[in-house]
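> When you get a sec, could you give me coordinates for this:
(2 chains)
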Amino acid sequence: MANRRDFIKISGLGLGGLAISASGLGVYSNLSTSPPQGEGMKLDSTRTPTICEICFWKCAGWVYKNEEGKIWKVVGNDEDQHSNGRFCPRGTGGPGMYYDEDRLTTPKIRTEERGKQVFKDVSWDEAFDYIADKMKAIADEHGPECLALLTHGSGGKYFGNLLKAFGSNNIAAPSYAQCRGPREVAYHTTFGEGVGSPERTDIRDTRCLVLIGSHLGENMHNGQVQEMSDAIDKGAAIITVDPRYSIAASKSKYWLPIKPATDLALLLSWIHVIIEEGWYDKEYVEKYTYGFEQLKAHVKLMTPEWAYGITTLKPELIRESAREMANAAPSVIIHPGRHVTWYGDDTQRSRAMAILNALLGSWGRRGGFYNPETTSVPSWPHPPYPEPTKTWRDAFPGKYNLAYETIASGICDATIPDVNKGCNFKGWIVNGTNLVKTIPDTAKTLEAIQHLELLVVIDTMPMAITGWADVVLPECTYLERYDTIRSSPHRKPSIALRMPAAEPMYNTKPAYWMAKELAKKLDLEEYFSWNSIEEMLDWQFKQVGSSLEEMQRIGVKTFERSYDDLYFAPDEEHEFFTNTGKIELYSTALAAEGFDPLPKYTAHEEPSTGFYRLSYGRAPMHTFGRTANNALLKDLMEENSAWINPKVAGEWGIENGQYIWLENQDGVRSSFPIKARVTERVRWDTVYMVHGFGHTNKNLSRAYGKGASDSELITKVLVDPIMGGTGMRGNFVTFKFESKKEEVES
Amino acid sequence: MRYAMAVDTKKCVGCSDCVVACQTENNVPIGYCRDWVVEITDGTYPQLEIELRSERCNQCDNSPCVRCCPTGASHYSDGGIVLVTANKCIGCGACIQSCPYDARYSHPDGHVDKCTFCIHRIKKGLEPACVSACPTKCMYFGDLDNPKSPVSEILKVRKYKTLIPEAGTDPQLYFLI
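Alright, predicted model coming up:
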């Protein structure tokens, strides 16, 4: 098929853009003349509340300006439970996103000039007309359900409202099927509730924190990292299971350097030890759980000696660490993790972790998992949404019934025409997510894109996905806009406000404005009947006992809990939202769907000679690829490296710091070379790299070509049959010493 | 009065928030820094140890940089904080050479620059930016002459070390180990 879409570079800035960016960079260039030491700079008393958008943790803070009235720094709000007044490096580096001179500046439409596809700068009105016409055409020909929203950002809420008003509820976040989905399904099937975000882990009061491949401290989930530090202060024991000596491992009482892909065997042997030794919480298990006898029989033979042969972990280490957990119980957390789409049996692995928590009685207990509470903020009144006649589920009949959120990769799959699929997608609205990197198997995503009749991308930066768009809508950064009210689950219910600290730079606009303007073109304005965002926010705040004026002053408002306690009361009867009303050690929901009701270990494919398992993770100063071009954060880490064990490096003759190429089992070689980090901190069978580098778009002037992309090496995807999660750790790499291509097209 | 800082290597995760917080607070130009994080790994797999240290000027009591400064730009200020008066500095770089901790850099504006313990904040009763931002609360700051200051309190109960004590500079940046 001829490509409907060529990749277009978003051309360099126009003169206007350059002029603005030069003055905009002032905080870091003009003002690089530091105040004379000791005299200090004037602290501006004016501060504006914000909610950080650099990652999903959404910390509330304050934006300060300098004496010139320009954005100077962002710090945490002391009232905020997500940040406790302390931002992480990414949040602190927020001004770098605002001042980034590579930002998208004006709406663009794909057009053809002299046989070549190019972007043309257009007015907002032209952009909306174009989108509305295409949306109407798709609805007329295929039905409004054939439009999908793929989103990872606050502004997505408004486009979600628009899509629902238009007649589609196909709204997907890659944070589900590409990240935390399996964990949510596992906890739903076990405890009748998900883990949620921020996670309901009571880390600050725990006596034992167990991390299975979770690298807290490197994944900078602010509140959790803070609480881990509190727990260290209080003498809590940390147990880390990781083939890599992570920062968390370095702070652990027990580090279990497990052979990758064998975690489930370790978990089952822990369950075996805790049951056989009688270390489980008998009262809790009897009162709250279902299926203990089946579980006991199931793990009967799964001894530490059995697990040793699979995991390479010594049986006494497995027993000792199990005893450590049991001694701390119920103040123990088998941390559910967050990015858990690894090997395709991820729901089952998460289930084993949930079962361990249940056996140790930590769910609903101090130092285990607390019951969070959320302030329910009413939506601005609008007419009822039309009832869609089909959804993404119709594309996967009988599959993924336990997934209760939309699968982004499923939308992608169902975009490639297939007569057997009951729902095919013709249009995507992509908000704040660089889909070509977020969803594994880039080639398939690009194929899906070729079949689209409309691709709208809303972003602040020229991420790779913008190059495939028909229309690019430049959003202003979170420092320049109002947004939806944050009301997230936590120990206490709370609300928080994001408001603009500065006028939007260039011709950029907030998402709420875009959605409302587009709604006008689609004759759906009745769904956006507020006159201004301030009017809507003020009304919403007033429904929960505050006001916009108050929130502008305080940023965060915390309320007392209105119902039950943080933890189960000693003799509390508790009804769980499962089929049996109990914590299901044996899952009736999984059994009903034809899946293993008790988790089983299955061996995963292993690397062949000369290949190493590709593992990836986070760095505390970056969020995915989103921050790679941020001048402040790039200063801290400008490229990733391939971690290689010295024994392996020795065999290949690879020197520390040498640039190499990685090639995977399917012959895919990294577009860019990556620096070898020869380190004892990684197992000999594993190569590790930080995700989010190797940007191929030259318009990301600081990030282009820096490091390698793990996403492009993840061509084998292990799909979780239970909920459609995309397991990404079944890929293997070897080392190459030259590029495959002369030059990388961008 | 003697200002000092202690950094808990057991809690630091090496996130470098201290570096960005300093950079924004003090408008340190991109590409330069007044503080930085050091990660030292010891051992062979799987017998390993990591020490993480957020480092900066040690605000030495016996500072080679002050001693060697030909113009008096480098000087001791309140509470022993070593400062550089930018308009007295000729940028000769002798102090940079003399510092055993490599804590100073040449600012693009032609003078030498370094950590001030955020003296402009201390004067207002605030903590240095790095201390106030750190998500792990691994930094303790205050007056060593005040036994109740956070830094005095923590040094009473924890084992600590200083860097390159053999240089005889009497550093006032302590690392809890």
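> what's the distance between the nearest residue to B:Leu144 once chain neighbours are set aside and chain A?
In this structure, B:Leu144 finds its nearest non-sequential neighbour in B:Arg2, 4.3 Å apart by Cβ to Cβ, 6 or more residues apart in numbering or on different chains. Using the backbone N, CA and C atoms, a C-beta is placed for each residue, glycine as well. Noted for B:Arg2: a distance of 17 Å to chain A, by Cβ to the nearest Cβ, to the nearest Å.
> you'd agree B:Arg2 is up against B:Tyr76?
No: using Cβ atoms under 8 Å, B:Arg2 is not in contact with B:Tyr76; the gap is 10.9 Å.
> of the two, who's got more company?
Using other Cβ atoms under 10 Å in any protein chain shown, the more surrounded residue of B:Arg2 and B:Tyr76 is B:Arg2, with 17 against 14.
> Show the average pLDDT along stretch A:508-528.
Averaging pLDDT along stretch A:508-528 gives 98.
> what do you get for stretch A:480-493?
pLDDT averaged over stretch A:480-493 gives 96.
> what ranges do the strands span in chain B?
B:3-8, B:36-44, B:47-55, B:74-76, B:82-84, B:105-106, B:112-113, B:139-143, B:160-161, B:173-176 (DSSP state E).
> and the last one, what does it pack onto?
Using 3 or more Cβ pairs under 8 Å, 6 or more residues apart in numbering or on different chains; DSSP states H and E as the contact test, the elements touching strand B:173-176 are strand B:3-8, helix B:150-157, strand B:160-161.
> hmm, who's touching the first one?
To tie it back to what came earlier, the one meant is strand B:3-8. The contact list for strand B:3-8 (Cβ atoms under 8 Å, 6 or more residues apart in numbering or on different chains) reads B:53-56, B:59, B:78-81, B:117, B:122, B:128, B:131, B:136, B:138-144, B:151, B:154-155, B:158, B:160, B:172-176.
> Same question for the last one.
Applying Cβ under 8 Å, 6+ apart, the contact partners of strand B:160-161 are B:6, B:174-177.
> Could you give the number of residues near the closest residue to A:Trp124 other than its chain neighbours?
Nearest non-adjacent residue to A:Trp124, counting by Cβ to Cβ, 6+ apart: A:Pro107, 5.6 Å away. Neighbour count for A:Pro107, taken as other Cβ under 10 Å: 25.
> what's the answer for A:Ser376, then?
Residues lying near A:Ser376 (other Cβ under 10 Å) number 10.
> you'd agree it is up against A:Ile485?
No: using Cβ under 8 Å, A:Ser376 is not in contact with A:Ile485; the gap is 10.9 Å.
> Let me know how buried A:Glu68 is, in neighbour terms.
12.
> contacting residues for residue 170?
Picked chain A for this. A:145, A:147-149, A:163, A:388, A:391-392, A:406, A:411, A:423, A:425.
> that's the wrong chain, I meant chain B
B:Asp170 neighbours (Cβ under 8 Å, 6+ apart): B:60-62.
> Closest one to chain A out of these, please.
B:Cys60 (16.4 Å; Cβ to the nearest Cβ).
> Give me the local confidence score for the residue lying closest to that closest one once chain neighbours are set aside.
Nearest non-adjacent residue to B:Cys60, counting by Cβ to Cβ, 6+ apart: B:Thr169, 3.8 Å away. B:Thr169 carries a pLDDT value of 97.
> now A:Ile20
Predicted confidence (pLDDT) for A:Ile20: 34.
> do the same with A:Arg4
66.
> and what of A:Pro35?
pLDDT, A:Pro35: 40.
> How is chain A divided into domains?
According to automatic domain parsing, chain A comprises the domains A:198-371+A:567-592, A:612-736.
> Would you reformat these as a markdown table and include mean neighbour count, mean pLDDT and distance to chain B?
Listed next are the domains of chain A as a markdown table, based on neighbours: other Cβ atoms under 10 Å in any protein chain shown; pLDDT from 0 to 100; distance: least, Cβ to the nearest Cβ, whole Å:
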| stretch | mean neighbour count | mean pLDDT | distance to chain B |
| --- | --- | --- | --- |
| domain A:198-371+A:567-592 | 21 | 97 | 3 |
| domain A:612-736 | 22 | 96 | 4 |
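> Output those in CSV, with distance to A:Gln450 appended to each entry.
As requested, these are exported to CSV (distance: least, Cβ to Cβ, whole Å):
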stretch, distance to A:Gln450
domain A:198-371+A:567-592, 25
domain A:612-736, 18
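> Report how many residues lie close to the residue of chain B found nearest chain A.
For chain B, the residue closest to chain A is B:His120, as judged by Cβ to the nearest Cβ, at 2.2 Å. Using other Cβ under 10 Å, B:His120 has 21 neighbouring residues.
> Let me see the contact set for the closest residue to A:Lys647 other than its chain neighbours.
In this structure, A:Lys647 finds its nearest non-sequential neighbour in A:Trp684, 5.4 Å apart by Cβ to Cβ, 6+ apart. Residues counted as contacts of A:Trp684 (Cβ under 8 Å, 6+ apart) are A:645, A:647-648, B:45.
> any idea how far the residue nearest the centre of chain B lies from B:Arg121?
In chain B, the residue lying closest to the centroid (Cα atoms, centre = their mean) is B:Arg56, at 3.0 Å. For B:Arg56, the distance to B:Arg121 equals 14 Å [Cβ to Cβ, to the nearest Å].
> Repeat that for A:His574.
Counting by Cβ to Cβ - A:His574 and B:Arg121 are separated by 49 Å.
> hmm, stretch A:84-104 touching chain B?
Yes: judged by Cβ under 8 Å from any Cβ of the partner chain, stretch A:84-104 and chain B are in contact via A:85-89, A:92-93, A:95.
> Let me know the closest of these to A:Gly467.
A:Gly93 (25.5 Å; Cβ to Cβ).
> Please point out which parts of stretch B:162-177 sit buried.
B:163, B:167, B:169, B:171-176 (16 or more other Cβ atoms under 10 Å in any protein chain shown).
> same thing with stretch A:434-441?
Quick answer for stretch A:434-441 (16+ other Cβ under 10 Å): A:434-441.
> could I have that stretch exported to CSV, CA atoms only?
Coordinates of each C-alpha in stretch A:434-441 appear next as CSV, following Å, rounded to 0.1, in the frame of the first residue of the first chain:
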residue,chain,number,x,y,z
ASN,A,434,4.2,9.8,21.9
LEU,A,435,2.4,6.7,20.7
VAL,A,436,5.2,5.5,18.4
LYS,A,437,7.4,5.1,21.4
THR,A,438,4.8,4.2,24.1
ILE,A,439,3.2,1.3,22.3
PRO,A,440,5.7,-1.5,21.6
ASP,A,441,6.0,-2.8,18.1
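> pLDDT of it, averaged?
90.
> ok, residues contacting that stretch?
Contacts for stretch A:434-441 (Cβ under 8 Å, 6+ apart): A:150, A:152, A:174, A:178, A:408-409, A:412, A:442, A:445-446, A:459, A:463-465, A:468, A:624-626, A:692, A:709, A:711, A:714-715, A:717, A:726, A:728.
> start to end distance for stretch B:146-165?
23 Å (Cα to Cα, to the nearest Å).
> Check the offset of it from the chain's centre.
14 Å (Cα atoms, centre = their mean, to the nearest Å).
> Pull out the buried residues from that stretch.
B:149-152, B:154-155, B:163.
> so B:Tyr45 makes contact with A:Arg683?
Yes: using Cβ under 8 Å, B:Tyr45 is in contact with A:Arg683, at 6.8 Å.
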